[in-house]
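Trainee: have a look at this fold, sequence not included:
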């Protein structure tokens, strides 16, 4: 039942694409045809870009997934409604201020952001989606946001460099990705950008993420492809187990590259695989750039009695401070893994557990494999590691990506001004 | 509905006793009559005491509560069975090695510890309970344990100083407490000792704790009093959200101080209050001495629609890394409190939330109270703070104690050898 290495349940940590006809490429949300973007500094941050516009030159199908936190920021409430009709032309995003816990003024501000962007872009404001990220509980300085939207509208270009910087908060680097897929003699492109780096946990649409494609995609198909892409990516990462009030991943499909609508067959498979690959690449970048992170771990749980149990144990392992500090210390501490698994609140038979670190089996039938420790420590001695816990109870599996817990995480969050 | 300060739901952080006829006192497990203890160094740790014996001079009622982790150490399995008949004469405890995930050998070793202690003390081995704490997954070096039990049996005295040191792991100081209670013209004593300082979370009987009393207490009454005492103390503390494989709190009542059995009325009220006070004092010491901790916070949730909701939100607040790092930074970051509450998985109306830090109301009806921040920062500027989140939805409440998350926690756990 226990296969022979940590990666036995499928794709390794580094694999990003490789599915049917999907080719990863350098790129971003402007790689697909017919998208332009801008990022400007309007004074929300000190000097850095803090306001972004992403615009489709023609009407686009739109879909979104949003945080499950019961406390939802005004832009989340706004965009959740705005995306319901399934089309959009633009997204306006600000960083440094979440517009969360800001009462009715917050709702008015989110709506005004859409209205201003619509006016500046000469599109219906109902076609503009809004996203914000940053400090909670402080009203948006709307004078700055207004001037930012005006400037950004004047700087639109098929280049997402500044936009991908403008959406960041405590991130150390920008997160962009792109991939091409082909079917029926035609090629389309999917692009994306995202931000990290704290309050990252998969209770639906962790972080802010934006996906674009120049394929024509009916709304129900786009929604399905987005849901699947997020489920395999943003919903499998954790930095600190915190669920933000502002999480959103939005997708726009504008059909600029021509061809018939992507609805079935190879084209649909390709679209889904490309969106999944781009989302996964972005999500992994979010973990790599997790606050204070120096190591990324792919934690997989196999042999679970059911999907819910596999998820619960993977979630517990990926958020355990003792597992995450052991990752930081490069310590192949399987006792912490087994103890954390045992506290996940699901059935477990300690005597049937196996643990792998990299390709090294450290635990078999619940007890230590003699002499495995040194080799396991070597397997942990990198910036990307694989850990697998097999429960020996069934066939269900789940995996998540997490990062180490470091002193730097505490420094960042012990001094982040409220 | 929202009362006027963080402490509105009852006892403040510092209050330990004060209930009917209960007088806190300096003391430990040997303060009650008829108990002796010993702590020796047998080589499990480098130099420090690492094996303890606690003995009642006469047969005692016994009760225990144990970890809910699905992975349970051999001594937990052993003592859970051994305490079922409701009487005991002694407890043997070792630190530095948890005897967890050690297979059948672990079970044999726990049993041998009881047998050796029974022989050395000339009591039935079935009257000996066993507890272990320390590294998981390493077989107990039984040669050292054997010699330790023999030495300890020769050093028994009515002094728990060495025993309370011998049960520690990463603790910085010993944790002991005692209290007297009186009824019907007679006085009895309750004493206790405990250990911290990591893997602390309330999924039943966090840490190791030992309570003694010289009252005569029927087994069902002792079990009830222990359950209640633990529910108000060890089950309300968290350091890192981790549930140990070895948690146990054991109570012995030997009747050495005479009097009729404590079964009802003032005597029963006094016993319960004294056990609760001692357990609470020990539990608070565990949080104060939490790995890396510099600040203790009493987090209370009021206005919840039901008890389960109150507990879920309190648990989420007390374990949130962003709340715990804000505590460390002395940052009255109510946005993190509200966001964490919103991610607890229970119903919540953001517009009815209120937040107090100390006596300062920072949030009312879900939005910031202007100008409260400076005063709140002063309220956080101590080593014990009070935080209250009122959900404004009902009358249920719960409170927990937690500590800050510091760089030192990461240092301790990033370098603890597996």
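Mentor: Structure received. It should be emphasised that the depicted structure is a prediction, and the values quoted were computed from it without experimental measurement. Numbering: from 1, shown residues only, chains lettered A, B, ... in the order given.
Trainee: so where's the stretch 201-350 of chain A uncertain?
Mentor: Where the stretch 201-350 of chain A drops to pLDDT under 70, the residues are A:201-206, A:241-243.
Trainee: enumerate the residues of it near chain B.
Mentor: Proximity of the stretch 201-350 of chain A to chain B is confined to A:201, A:203, A:240-245, A:320-322, A:325-326, A:328-329, A:331-336, A:338-344, A:346-348, A:350 under the rule C-beta under 8 Å from any C-beta of the partner chain. Where C-beta positions appear, they are placed from N, C-alpha and C, glycine not excepted.
Trainee: so which of the residues you listed belong to helices?
Mentor: When these are checked against helices using DSSP state H, the ones located there are A:321-322, A:325-326, A:328-329, A:334-336, A:338-342.
Trainee: may I ask which of those residues has the most neighbours?
Mentor: The most crowded member of those is residue A:339, carrying 30 neighbours; neighbours defined as other C-beta atoms under 10 Å in any protein chain shown.
Trainee: please tell me how far the nearest residue to residue A:332 once chain neighbours are set aside sits from residue A:330.
Mentor: Closest residue in space to residue A:332, ignoring its immediate chain neighbours: residue A:376 at 3.6 Å, by C-beta to C-beta, 6 or more residues apart in numbering or on different chains. Residue A:376 sits at a distance of 10 Å from residue A:330 (criterion: C-beta to C-beta, to the nearest Å).
Trainee: the longest strand in chain A is where?
Mentor: If you go by DSSP state E, chain A has its longest strand at strand A:51-66.
Trainee: so which of residue A:376 and residue A:330 has more stuff around it?
Mentor: residue A:376 (26 against 20).
Trainee: A helix includes the more buried one, no?
Mentor: Yes - assigned with DSSP: H, G, I helix; E, B strand; the rest coil, residue A:376 falls within a helix.
Trainee: residue contacts, it?
Mentor: Residue A:376 makes contact with A:332, A:334, A:357-358, A:360, A:362 under the criterion C-beta atoms under 8 Å, 6 or more residues apart in numbering or on different chains.
Trainee: mind picking the two most distant members of the residues you listed?
Mentor: Comparing every pair within these by C-beta to C-beta identifies A:334 and A:358 as the most remote, at 12.4 Å.
Trainee: correct me, but residue A:393 touches residue A:349?
Mentor: Yes - Residue A:393 sits in contact with residue A:349 when judged by C-beta atoms under 8 Å, with a separation of 6.3 Å.
Trainee: of those two, which one has the most company?
Mentor: With neighbours defined as other C-beta under 10 Å, residue A:393 and residue A:349 compare such that residue A:393 has more, 20 against 14.
Trainee: the closest residue to that one other than its chain neighbours: how many residues sit nearby?
Mentor: Setting aside the residues directly before and after it, residue A:393 is nearest to residue A:305 in space (C-beta to C-beta, 6+ apart), at 4.6 Å. Number of residues near residue A:305 (other C-beta under 10 Å) recorded here: 17.
Trainee: now residue A:305: phi and psi?
Mentor: Per-residue torsions, residue A:305: phi -70, psi -20 (degrees, to the nearest 10).
Trainee: contacting residues for it?
Mentor: Counting by C-beta under 8 Å, 6+ apart, residue A:305 makes contact with A:346-347, A:391, A:393-394, A:396.
Trainee: again, but for residue A:26
Mentor: When contacts are counted by C-beta under 8 Å, 6+ apart, residue A:26 touches residue A:178.
Trainee: and it, what pLDDT?
Mentor: Taken from the predicted model, the pLDDT recorded for residue A:26 is 94.
Trainee: how much space between it and chain B?
Mentor: From residue A:26 across to chain B, the span is 34 Å (C-beta to the nearest C-beta, to the nearest Å).
Trainee: likewise for residue A:57?
Mentor: Between residue A:57 and chain B the distance, using C-beta to the nearest C-beta, works out to 37 Å.
Trainee: pretty sure residue A:403 contacts residue A:283?
Mentor: No - the criterion here is C-beta under 8 Å, and residue A:403 misses it with residue A:283 at 12.0 Å.
Trainee: show me the contacts for residue A:362.
Mentor: With contacts taken as C-beta under 8 Å, 6+ apart, residue A:362 has the following neighbours: A:332, A:334, A:355-356, A:368-369, A:372-373, A:376.
Trainee: CSV for these, including distance to residue B:298?
Mentor: Listed next are the contacts of residue A:362 as CSV, based on distance: C-beta to C-beta, whole Å:
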residue, distance to residue B:298
A:332, 37
A:334, 35
A:355, 38
A:356, 42
A:368, 40
A:369, 44
A:372, 44
A:373, 41
A:376, 41
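Trainee: nearest residue to the residue of the stretch 251-400 of chain A at minimum distance from chain B in space, please, no chain neighbours.
Mentor: Nearest residue of the stretch 251-400 of chain A to chain B, counting by C-beta to the nearest C-beta: residue A:335, 2.8 Å away. Leaving aside its chain neighbours, residue A:335 sits nearest to residue B:136 (2.8 Å; criterion: C-beta to C-beta, 6+ apart).
Trainee: what is the neighbour count of the one you found?
Mentor: Once other C-beta under 10 Å is used to define contacts, residue B:136 is seen to have 25 neighbours.
Trainee: do you know the pLDDT at it?
Mentor: Reported pLDDT at residue B:136 in the predicted model: 85.
Trainee: can I assume it is in contact with residue A:338?
Mentor: Yes - contact between residue B:136 and residue A:338 holds when scored by C-beta under 8 Å: they sit 7.0 Å apart.
Trainee: between these two, which contacts overlap?
Mentor: B:101, B:245.
Trainee: if I look at the closest residue to residue A:399 other than its chain neighbours, how far off is residue A:372?
Mentor: Leaving out its chain neighbours, the residue that sits closest to residue A:399 by C-beta to C-beta, 6+ apart is residue A:300, at 3.8 Å. Using C-beta to C-beta, residue A:300 is found at 18 Å from residue A:372.
Trainee: do I have it right that residue A:257 meets residue A:33?
Mentor: Yes - contact status for residue A:257 versus residue A:33: in contact at 5.0 Å, counting by C-beta under 8 Å.
Trainee: which residue of the two possesses the greater neighbour count?
Mentor: residue A:33 (20 against 17).
Trainee: element containing the residue nearest to residue A:329 when sequence neighbours are not counted?
Mentor: Nearest residue to residue A:329 in three dimensions, chain neighbours excluded: residue B:414, at 3.7 Å (C-beta to C-beta, 6+ apart). The secondary structure element spanning residue B:414 is helix B:407-415 (assigned by DSSP states H and E).
Trainee: and the helices in chain A?
Mentor: With DSSP H as the criterion, chain A has helices spanning A:74-82, A:103-121, A:142-153, A:161-166, A:219-231, A:265-288, A:307-319, A:321-329, A:334-342, A:373-380, A:407-415.
Trainee: figure out how far the last one is from the centre of its chain.
Mentor: What that stands for is helix A:407-415. What separates the centre of helix A:407-415 from the centre of its chain is 22 Å, taken as C-alpha atoms, centre = their mean, to the nearest Å.
Trainee: which residues outside that helix are in contact with it?
Mentor: A:170, A:198, A:240, A:290-293, B:321-322, B:325-326, B:328-329, B:331, B:405-407, B:409-411.
Trainee: what is the orientation angle of that helix with helix A:321-329?
Mentor: Helix A:407-415 and helix A:321-329 are oriented at 120 degrees to each other (axes from the mean of the first three to the mean of the last three C-alpha atoms, to 10 degrees).
Trainee: and helix A:407-415, what's its mean pLDDT?
Mentor: Per-residue confidence for helix A:407-415 averages out to 82 on the pLDDT scale.
Trainee: of all the residues in that helix, which ones are buried?
Mentor: For helix A:407-415, the neighbour count (16 or more other C-beta atoms under 10 Å in any protein chain shown) marks A:407-414 as buried.
Trainee: got it, and the third one?
Mentor: If you call a residue buried by 16+ other C-beta under 10 Å, then helix A:142-153 has these buried ones: A:142, A:144-145, A:148-149, A:151-153.
Trainee: what's the closest of the residues you listed to residue A:382?
Mentor: Closest to residue A:382 out of these is residue A:152 (40.4 Å), distances taken as C-beta to C-beta.
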